[in-house]
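Novice: need coordinates for the below:
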Amino acid sequence: MNNILTILILLSTAASFEPRIYEHKRNGRNYFLEIRSDSTFLYERPGMLMGNIHESGKWKVKSNSLILIDSIGTLHSKSAVSGNKIIDQNYISIKVMNERGEALKHLEVSLNDDELIKMTDENGTTRFEFSELKKRRYNQPDSTIETITLKADRWNQSLAVKNIFCNDIMVVKDFNPITTFERRERELKIEGNKLIFPNPSGMNKDQIFEFKRKK
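Specialist: As a prediction, this is how the structure comes out:
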């Protein structure tokens, strides 16, 4: 008898669930979860810095839970910036290579917001004398970030060196990063006209949001 009652409750939950728009508001920011009748969903949430992030996939009801099914991508890149501090070297040396270790020549290189622009040579190397850098900051803490800007005909990129006092810098630019995808399932509890969404940003397992059905 108890098993039959449990099955009836579960069937009732699945039958009563409505494909609708559910929303959550927090600190002036809006989260929207649109559950569509064709078994697809669209989830819109604020980005960490600016704009919105859109996620989509399929959904199903299991017991008293809504299961969101999609794929999550992971970028595998060899791009990197590393630096060393060479005592008594009064210039900054910057070497730029691609992911295969080949020199990137004839790139425009600039530092911070200084107007000075240098070109990399046949070895992918350029140098800035301390004396010619107007905005070289001598009295900054070690945590100050140095920004290197690279510019070519078809691309440009700004990179960060965590220690401003590094004067021997190696930059690797990966032009062929690989993205791999894996299936993801997220379980939201159905509570009447509400959905309980754990870890809604995918970055905080302790965070739980309550999404209410939009009227």
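Novice: list the buried residues of the one helix or strand residue 83 maps to.
Specialist: Residue 83 belongs to strand 80-84 when assigned by DSSP states H and E. Buried residues in strand 80-84, counted by 16 or more other Cβ atoms under 10 Å: 81, 83. In short, each C-beta sits where N, CA and C put it, glycine included.
Novice: now for that strand, which elements pack on it?
Specialist: With contacts taken as 3 or more Cβ pairs under 8 Å, 6 or more residues apart in numbering; DSSP states H and E, strand 80-84 sits against strand 156-161, strand 168-173.
Novice: restrict it to CA atoms and write it as PDB.
Specialist: What follows is strand 80-84, C-alpha atoms only, in PDB (Å, rounded to 0.1, in the frame of the first residue of the first chain):
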ATOM      1  CA  ALA A  80      50.700  31.400 -20.400                       C
ATOM      2  CA  VAL A  81      52.700  34.400 -19.100                       C
ATOM      3  CA  SER A  82      55.700  33.800 -16.900                       C
ATOM      4  CA  GLY A  83      58.300  36.200 -15.600                       C
ATOM      5  CA  ASN A  84      61.600  36.400 -13.700                       C
END
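Novice: tell me the strands beside that strand, with direction?
Specialist: Under the criterion DSSP bridges, strand 80-84 sits next to strand 168-173 (antiparallel) in its sheet.
Novice: before we move on, the earlier item: which residues touch the helix or strand just after the strand holding residue 83?
Specialist: Next helix or strand after strand 80-84 toward the C-terminus (DSSP H and E): strand 91-98. With Cβ atoms under 8 Å, 6 or more residues apart in numbering as the test, strand 91-98 has contacts from 103-104, 107, 109, 111, 120, 123-130, 133, 148, 150, 166-175.
Novice: buried residues in the helix or strand following strand 91-98?
Specialist: With elements assigned by DSSP H and E, the helix or strand that comes after strand 91-98 is strand 108-111. By neighbour count on 16+ other Cβ under 10 Å, the buried set for strand 108-111 is 109, 110, 111.
Novice: for strand 108-111, the averaged confidence score.
Specialist: Taken as a whole, strand 108-111 carries a mean pLDDT of 92.
Novice: counting contacts, what elements does it pack onto?
Specialist: The helices and strands touching strand 108-111, judged by 3+ Cβ pairs under 8 Å, 6+ apart, are strand 91-98, strand 117-119, strand 146-151.
Novice: most neighbours per residue, which of the helices and strands packed on strand 80-84?
Specialist: strand 168-173 (a mean of 20; mean count of other Cβ atoms under 10 Å).
Novice: from the chain's centre, how far out does it sit?
Specialist: 22 Å (Cα atoms, centre = their mean, to the nearest Å).
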